[in-house]
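Enquirer: Sharing a sequence plus its predicted fold:
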Amino acid sequence: MKSNIYMMLNDIDSEADAFQEEEWSELETKRVKKKVLGRVRRKGKKKYVMAGVCAAAAFALLTVMPLRGAVADAVEQLSYRIGTFLGIDKNLAPYEQIVNQSVTEDGITITLNSVVLDVDELVVSTTEVYEDAITEGGPGLMGNVYINGVRASGAAGGGSYTTDEHTREVVMKYYLNQVDLAELSQEVNVAIRFSDYEENRGSWEFKFTASGEQLSADTQTIDLTYQYQLPDGCNITFTKYTSNAMGQKIFYTNDGNKNDYDMKLEGTDNLGNPVSFYVSSSNEEGGRFVIDNSAGNLSDEAETLTLTPYAVKYPETSGRLSNDFEQVGEAFTIEVR
């Protein structure tokens, strides 16, 4: 089975509040707690999902390089890296932009390799090189994303792989749920500010331009109207389905009621292949499901998806999540071809 960077585990208790921004809602905090509990280590790999952290300023002005010669070859390698981390078998090179700039501070060099701007998220590939050997569990470098000067990211999820005792490769998805999504289909000014949330030190900042125009043009969008109700009375309404080389997403709104449930969608395509979606980000207004690539990517031959919603209540006190999902709505079908 492919490694899914958003797979959640229940084996670790953790204090997610350490990763929480002051303006975060109670719902987002619960989701962060869930995903922080999903930290995984396996043969040098570390997977985590947490809120962005605050950082100070030390600027590095970057430019996106044109894709020529050796640079084009580098894009292929970086695209493979991002695709491997995310469980994507599509060619991402046409949508990936090389930044290839480094900032060193406090004995740590962060190289921002490349980015992909996708609908409502920024996928970032970095390499971290440490003067001292990397110890188990640390350091923990996380970033905040700013679009056209405005804080855009509310949370992030991703994974890392330690290639040797001084080097770590990282791919993160920053959810841009605090910015007008219409901006992301064109060229925008991006700043990413990294800091070490575990040691409360350092400031690594990168500035560059990025464009989601090509990926936006290649994104299929299908309007949805399906609705179901959670056991607490909260109504969930699906608004659209999107599909591109980065994967498939289903966006939803809720009716403003407090949502204390984790949710997932399970089903099959018309070819009989299993298909699963999980909630990757949300707030009081709504959120989005993304496809789980751990069992493989959606088939290019699939014409319909038939999915059923399931939900489980977040624990009241313990950070340990239940896997006792129950069906909360009728099956529905999306015609994707």
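Expert: Perfect, thanks for sending it.
Enquirer: now the closest residue to Thr237 other than its chain neighbours: how far from Thr304?
Expert: Excluding its sequence neighbours, the residue lying closest to Thr237 (C-beta to C-beta, 6 or more residues apart in numbering) is Gln227, at 4.6 Å. Every residue, glycine included, has its C-beta placed from N, CA and C. According to C-beta to C-beta, to the nearest Å, Gln227 and Thr304 sit 19 Å apart.
Enquirer: Which strands or helices does the helix or strand that Phe206 is a member of pack on?
Expert: Element membership for Phe206, per DSSP states H and E: strand 201-211. For strand 201-211, the packing partners by 3 or more C-beta pairs under 8 Å, 6 or more residues apart in numbering; DSSP states H and E come out as strand 97-105, strand 108-118, strand 187-196.
Enquirer: so who does the residue nearest the centre of the chain touch?
Expert: For the chain, Lys173 is the residue whose C-alpha lies nearest the centre (C-alpha atoms, centre = their mean; 3.4 Å). Taking C-beta atoms under 8 Å, 6 or more residues apart in numbering, we find Lys173 in contact with Leu86, Glu121, Leu122, Val123, Val124, Ala156, Gly157, Gly158, Ser280.
Enquirer: And for Asp269?
Expert: Counting by C-beta under 8 Å, 6+ apart, Asp269 has contacts Val275, Leu298, Ser299, Ala302, Glu303, Thr304, Leu305, Thr306.
Enquirer: and the two most separated of the residues you listed?
Expert: With C-beta to C-beta as the measure, no two of the contacts of Asp269 lie farther apart than Ser299 and Thr306, at 13.8 Å.
Enquirer: what mean pLDDT does stretch 244-251 have?
Expert: Stretch 244-251 shows a mean pLDDT of 95.
Enquirer: and for it, what are the contacting residues?
Expert: For stretch 244-251, the external contacting residues (C-beta under 8 Å, 6+ apart) are 86, 88, 90-92, 94-95, 116, 118-119, 123, 215, 218-220, 224, 238-243, 265, 277, 286-291, 293, 297-298.
Enquirer: Stretch 163-171 now?
Expert: By C-beta under 8 Å, 6+ apart, the residues outside stretch 163-171 that reach it are 5, 44, 81-82, 85-86, 123-134, 141, 158-162.
Enquirer: Just the buried ones among those residues, please.
Expert: When the contacts of stretch 163-171 are checked for burial by 16 or more other C-beta atoms under 10 Å, the buried set is 5, 81-82, 85-86, 123-130, 134, 141, 158-162.
Enquirer: So which of these sit within strands?
Expert: Counting by DSSP state E, those place 123-130, 141, 158-162 in strands.
Enquirer: how near is Asn323 to Asp262?
Expert: With C-beta to C-beta as the criterion, Asn323 and Asp262 are 10 Å apart.
Enquirer: And Asn91, how close does it get to Val116?
Expert: Using C-beta to C-beta, Asn91 is found at 12 Å from Val116.
Enquirer: who's more crowded, these two?
Expert: Between Asn91 and Val116, counted using other C-beta atoms under 10 Å, Val116 has the larger neighbour count: 26 against 13.
Enquirer: quick one: the more buried one and Phe85 touch, right?
Expert: No. Assessed by C-beta atoms under 8 Å, Val116 is found out of contact with Phe85, at 11.6 Å.
Enquirer: Just the buried residues out of the contacts of stretch 244-251, in ChimeraX syntax.
Expert: The buried residues among the contacts of stretch 244-251 can be selected in ChimeraX (16+ other C-beta under 10 Å) with this line:
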select :86,88,90,92,95,116,118,119,123,215,219,238,241,242,243,265,277,286,287,288,289,290,291,293,297,298
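Enquirer: which stretches of the stretch 51-200 of the chain have low pLDDT?
Expert: When residues are selected by pLDDT under 70, those of the stretch 51-200 of the chain lie in 51-81, 137-138.
Enquirer: Kindly recompute the last result at 80.
Expert: In the predicted model of the stretch 51-200 of the chain, residues 51-81, 136-140, 154-155, 177, 181-182, 197-200 satisfy pLDDT under 80.
Enquirer: What residues sit buried inside stretch 226-240?
Expert: Buried, per 16+ other C-beta under 10 Å, within stretch 226-240: Tyr226, Tyr228, Leu230, Cys234, Ile236, Phe238.
Enquirer: What lies in contact with that stretch?
Expert: Residues from elsewhere that reach stretch 226-240, judged by C-beta under 8 Å, 6+ apart: 221-225, 250-255, 257-261, 263, 286, 309, 311, 313, 328-330, 332.
Enquirer: what do you get if the cut-off is 7 Å, keeping everything else the same?
Expert: Around stretch 226-240, the neighbours that count as contacts under C-beta atoms under 7 Å, 6 or more residues apart in numbering are 221-224, 250-255, 257, 259-261, 309, 311, 328-329, 332.
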